[in-house]
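In: Turn this into a model:
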Amino acid sequence: MGSRTGKRKLKADPVAKLARSILPEAQVRSDLVIRDVANHSIAEQRDSMSLGQTKTVRRLTRVELLHRAGIIDHDQLRACEYYLDAYELGYQTIGCTANYMGAGGGGFGSSDLLARYKAQAEARENYLYARQAIPKHMRLGFDRIVLGPLDIRLLTNRERTEFSLAAFLLHGQIGHMLAIAA
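Out: Numbers count the residues shown, from 1 in each chain. A predicted model of the protein is given here:
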């Protein structure tokens, strides 16, 4: 029996392979991960299943990149994601307006900052409860990383350490809530 002489073929990275089938080559990056397709309706579910499109790619969030770099652990990652989700649900809908020739629309007045529905009010309470754990002198930097536009590649070692500490304190404040959600 003859033995095969030749180079072993390297297996292609499944993330890169899926990304190349969906995205233009210029958008294929190393910070992509495979996720299940989020279907919003039964019709979308039926279409995606019949076409075999059950997986997609998405970019890692800033917090996931910090976890991947070893700056925060898994518990701190979950606490930061909870903080971000509560903020987005509670506050990101403010200012969304629709005005169709003066009739209807879901717009807010300049002084109307009350929650529009129960889930939004609860998310605001959860966000404010979680925010209490982070000392005031760390909040701006923490919010700029989790919520805001700060590029994490530009963080200094001191800022990374402060972020890790703030995430640790945040987990201490809301860890009991994460155990239920898991």
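
In: Show the contacting residues for the residue nearest the centre of the chain.
Out: Nearest residue to the geometric centre of the chain (Cα atoms, centre = their mean): Thr61, 5.1 Å. Taking Cβ atoms under 8 Å, 6 or more residues apart in numbering, we find Thr61 in contact with 81, 84. The C-beta positions use only the backbone N, C-alpha and C, and glycine is treated the same way.

In: Buried residues of the strand or helix carrying Val15, list them for me.
Out: Element membership for Val15, per DSSP states H and E: helix 14-22. Within helix 14-22, the residues scored as buried using 16 or more other Cβ atoms under 10 Å are 15, 18-19.

In: In this protein, where's the longest helix?
Out: Criterion DSSP state H: the longest helix present in the chain is helix 157-181.

In: helices or strands up against that one?
Out: With contacts taken as 3 or more Cβ pairs under 8 Å, 6 or more residues apart in numbering; DSSP states H and E, helix 157-181 sits against helix 74-91, helix 118-131, helix 136-146.

In: export these to a markdown table and tack on mean pLDDT?
Out: Formatted as a markdown table, the helices and strands packed on helix 157-181 follow (pLDDT from 0 to 100):
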| stretch | mean pLDDT |
| --- | --- |
| helix 74-91 | 93 |
| helix 118-131 | 93 |
| helix 136-146 | 95 |
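
In: tell me the most buried of the ones you listed?
Out: Between these, helix 74-91 has the highest mean count of neighbours, a mean of 19, where neighbours are mean count of other Cβ atoms under 10 Å.

In: which helices and strands does that one pack with?
Out: helix 62-68, helix 118-131, helix 136-146, helix 157-181.

In: Check what contacts it and list those residues.
Out: 61, 63-64, 66-67, 72, 115, 119-121, 123-124, 126-127, 130-131, 146-147, 164, 167-168, 170-171, 174-175, 177-178, 181-182.

In: And the residue nearest to the centre of the chain, how far from Gly141?
Out: Applying Cβ to Cβ, to the nearest Å, the value for Thr61 to Gly141 is 17 Å.

In: who does Val57 bridge with?
Out: On the basis of DSSP bridges, Val57 is bridged to Ile34.
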